[in-house]
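Visitor: heads up, no residue letters with this:
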């Protein structure tokens with residue numbers, strides 16, 4: 001996920017030579033204009049979401065999405081191939097939770113608590129479910145400070161609130177990063193403390209009794225059931241606990257099948273002068289299973305497809321090869337991106353740059369870059385063109401879009417559109433992530449940014465500075 005960013009670099013007057021000739025800069029303007037008129041991207045987004053639907057890894061819909069994107073890119077004349085990715089096949093099943101004991105309960109009744117199993121846990125409750133008291137904690141430190149007997153045999157509710165004020169101020173990903181650790185790390189911590197199950201307050205901004213799901217600990221290190229619950233239900237439990245003990249009955253089941261073969265979709269527009277150098281333009285195909293994944297991340301895939309379509313329609317041939325990638329398996333742990341980086345490790349010096357959109361399709365305001373700070377100065381002529389549609393900001397981002405992390409650690413400069421994400425986490429990983437959440441005009445704005453940036457990177461006469469980092473063990 002995108003993390004803390006550096007200072008915003010606004011436009012400044014430029015003098016001297018740039019990496020683009022005047023004719024190429026004019027081509028970028030024409031490309032931007034065409035993108036702002038074109039509806040191809042929205043039509044592909046609609047098909048991915050309305051017609052194919054949810055695309056959890058290993059599903060029939062994910063396989064259909066692979067075939068659809070590959071066929072569309074082939075129809076544009078690109079060289080398309082599929083690269084195999086091993087993915088898990090996890091299927092959601094029964095989910096039931098209710099309050100069965102609390103102060104003031106009407107005899108013979110219960111209250112429903114809305115829950116959804118966290119992805120990849122693969123741990124069901126025992127036959128008949130679990131009935132246990134609830135203990136609420138607001139941090140991992142709070143949990144660690146509790147005596148063993150206060151946690152053993154209980155259901156732990158992690159009640160970290162998503163900071164909506166921070167999100168509405170333009171720091172949505174920072175708010176997400178603060179809250180998501182309880183979904184990814186809470187289960188293991190609770191199991192170590194003796195808990196029998198975990199509930200996690202939904203990591204999201206909208207409180208419409210929506211459950212925000214997602215992956216729990218990626219390595220499956222803990223073996224207790226885990227689910228997300230809504231913000232409203234978490235608050236209800238806290239209020240009842242202030243009056244006395246609360247007991248929940250929880251039933252969760254899901255099926256973790258053997259891994260299956262899936263694929264990254266890769267399509268190349270061969271470069272005229274440097275065909276062995278690559279500029280990646282990408283999004284990820286898989287989604288969670290509650291909604292149709294319009295903002296996460298069918299929008300990113302459709303932006304990449306629309307960029308390919310625009311270059312085809314404008315009959316543009318870049319100097320470097322533009323490689324369009326629809327990644328598979330981002331949600332359960334960057335599976336496609338990690339597989340690609342391993343497969344293409346010898347070619348990493350030839351990967352000139354990489355772009356991914358994985359933050360929805362809100363109003364585009366500019367370009368994020370991750371790498372050497374001097375990238376800002378190099379991109380200023382491009383920013384001046386993007387400013388014509390209100391997208392001229394250049395901003396340093398310390399960590400790139402998720403699927404670019406394996407490439408970033410191998411020295412590849414990474415880029416993404418800078419978007420309005422204030423409402424992104426209202427729908428992220430929920431049943432409400434559907435086509436209607438994407439504004440066609442704002443989608444076109446993002447397509448314009450990515451198309452202009454991709455062609456600019458693939459035609460610049462300047463080399464981009466690279467930072468070689470130590471690759472962490474989980475990416476090797």
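Guide: Happy to help now that I have it. Everything numeric in this text was worked out from a predicted model, so none of it was measured.
Visitor: buried set for the one helix or strand residue 235 maps to?
Guide: Per DSSP states H and E, residue 235 falls inside helix 231-241. For helix 231-241, a neighbour-count test (16 or more other Cβ atoms under 10 Å) marks 231-234, 236-238, 240-241 as buried. For every residue, glycine as well, the C-beta is placed using N, CA and C.
Visitor: Also stretch 202-214?
Guide: 202-207, 210-214.
Visitor: And that stretch, end to end?
Guide: One end of stretch 202-214 to the other measures 10 Å (Cα to Cα, to the nearest Å).
Visitor: And the strands in the stretch 201-350 of the chain?
Guide: Counting by DSSP state E, counting those that start in this stretch, the stretch 201-350 of the chain has these strands, from start to end: 226-229, 247-269, 274-284, 320-327.
Visitor: Can I get those in JSON lines including mean pLDDT, distance to residue 177 and mean neighbour count?
Guide: Below are those laid out as JSON lines (pLDDT from 0 to 100; distance: least, Cβ to Cβ, whole Å; neighbours: other Cβ atoms under 10 Å):
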{"stretch": "strand 226-229", "mean pLDDT": "96", "distance to residue 177": "17", "mean neighbour count": "27"}
{"stretch": "strand 247-269", "mean pLDDT": "95", "distance to residue 177": "26", "mean neighbour count": "19"}
{"stretch": "strand 274-284", "mean pLDDT": "98", "distance to residue 177": "19", "mean neighbour count": "24"}
{"stretch": "strand 320-327", "mean pLDDT": "98", "distance to residue 177": "21", "mean neighbour count": "27"}
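Visitor: need the ones you listed in JSON lines with distance to residue 182, can you?
Guide: Listed next are those as JSON lines, based on distance: least, Cβ to Cβ, whole Å:
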{"stretch": "strand 226-229", "distance to residue 182": "10"}
{"stretch": "strand 247-269", "distance to residue 182": "17"}
{"stretch": "strand 274-284", "distance to residue 182": "24"}
{"stretch": "strand 320-327", "distance to residue 182": "26"}
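Visitor: Figure out which of these is closest to residue 170.
Guide: strand 274-284 (22.5 Å; Cβ to Cβ).
Visitor: That closest one vs strand 320-327, what angle?
Guide: 30 degrees (axes from the mean of the first three to the mean of the last three Cα atoms, to 10 degrees).
Visitor: List the neighbouring strands of strand 274-284 plus their orientation.
Guide: strand 320-327 (parallel), strand 351-356 (parallel) (DSSP bridges).
Visitor: Can you add distance to residue 48 and give these back as CSV?
Guide: Below are the strands paired with strand 274-284 laid out as CSV (distance: least, Cβ to Cβ, whole Å):
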stretch, distance to residue 48
strand 320-327, 10
strand 351-356, 16
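Visitor: Provide the backbone phi and psi angles at the spatially most central residue of the chain.
Guide: By Cα atoms, centre = their mean, the mean C-alpha position of the chain lies nearest to residue 358, the distance being 4.8 Å. Backbone geometry at residue 358, expressed as degrees, to the nearest 10, gives phi -150, psi 40.
Visitor: thinking again about what came up before, tell me which other helices or strands the helix holding residue 235 touches.
Guide: strand 79-101, strand 130-137, strand 197-201 (3 or more Cβ pairs under 8 Å, 6 or more residues apart in numbering; DSSP states H and E).
Visitor: that older thread, and of the strands of the stretch 201-350 of the chain, who's closest to residue 81?
Guide: strand 247-269 (5.6 Å).
Visitor: Return the helix or strand in this structure with minimum mean pLDDT.
Guide: Scoring the helices and strands of the chain by mean pLDDT, DSSP states H and E places strand 5-9 at the bottom, with a mean of 46.
Visitor: which residues make contact with whichever helix or strand comes after it from outside it?
Guide: Following strand 5-9 in sequence order, the next helix or strand is helix 22-37 (DSSP H and E). Applying Cβ atoms under 8 Å, 6 or more residues apart in numbering, the external contacts of helix 22-37 come out as 18, 20, 306, 310-311, 313-314, 316, 381-382, 385-386, 388-389, 444-445, 447-448, 451-452, 455-456, 459.
Visitor: please redo it, this time with the cut-off set to 6 Å
Guide: 310, 385, 444, 447-448, 451-452, 455-456, 459 (Cβ atoms under 6 Å, 6 or more residues apart in numbering).
Visitor: tell me which residues of that helix are tucked away?
Guide: Using 16+ other Cβ under 10 Å as the test for burial, helix 22-37 gives 24-25, 27-28, 31-32, 34-35.
Visitor: And those residues, which is closest to residue 139?
Guide: Among the buried residues of helix 22-37, and counting by Cβ to Cβ, the member closest to residue 139 is residue 35, at 44.7 Å.
Visitor: ok, that closest one to residue 469 distance?
Guide: 33 Å (Cβ to Cβ, to the nearest Å).
Visitor: pLDDT value on the residue of the chain most remote from its centre, please?
Guide: For the chain, the residue at maximal distance from the C-alpha centroid (Cα atoms, centre = their mean) is residue 107, at 44.9 Å. Residue 107 carries a pLDDT score of 97 in this model.
Visitor: Check the one 4 residues further on too.
Guide: pLDDT recorded at residue 111 is 98.
Visitor: Pull the contacting residues for it.
Guide: residue 99 are the contacts of residue 111 under Cβ under 6 Å, 6+ apart.
Visitor: Who is it paired with across the strands?
Guide: residue 99.
Visitor: roughly how far apart are it and residue 379?
Guide: 55 Å.
Visitor: Also residue 286?
Guide: Residue 286 sits 30 Å away from residue 379, going by Cβ to Cβ.
Visitor: out of these two, which sits in the busier spot?
Guide: residue 286 (31 against 24; other Cβ atoms under 10 Å).
Visitor: Three-state assignment for the residue nearest to that one when sequence neighbours are not counted, please.
Guide: Nearest residue to residue 286 in three dimensions, chain neighbours excluded: residue 57, at 4.8 Å (Cβ to Cβ, 6 or more residues apart in numbering). Following DSSP: H, G, I helix; E, B strand; the rest coil, the label given to residue 57 is coil.
Visitor: in this structure, which segments are predicted with low confidence?
Guide: 1-17, 121, 218-222 (pLDDT under 70).
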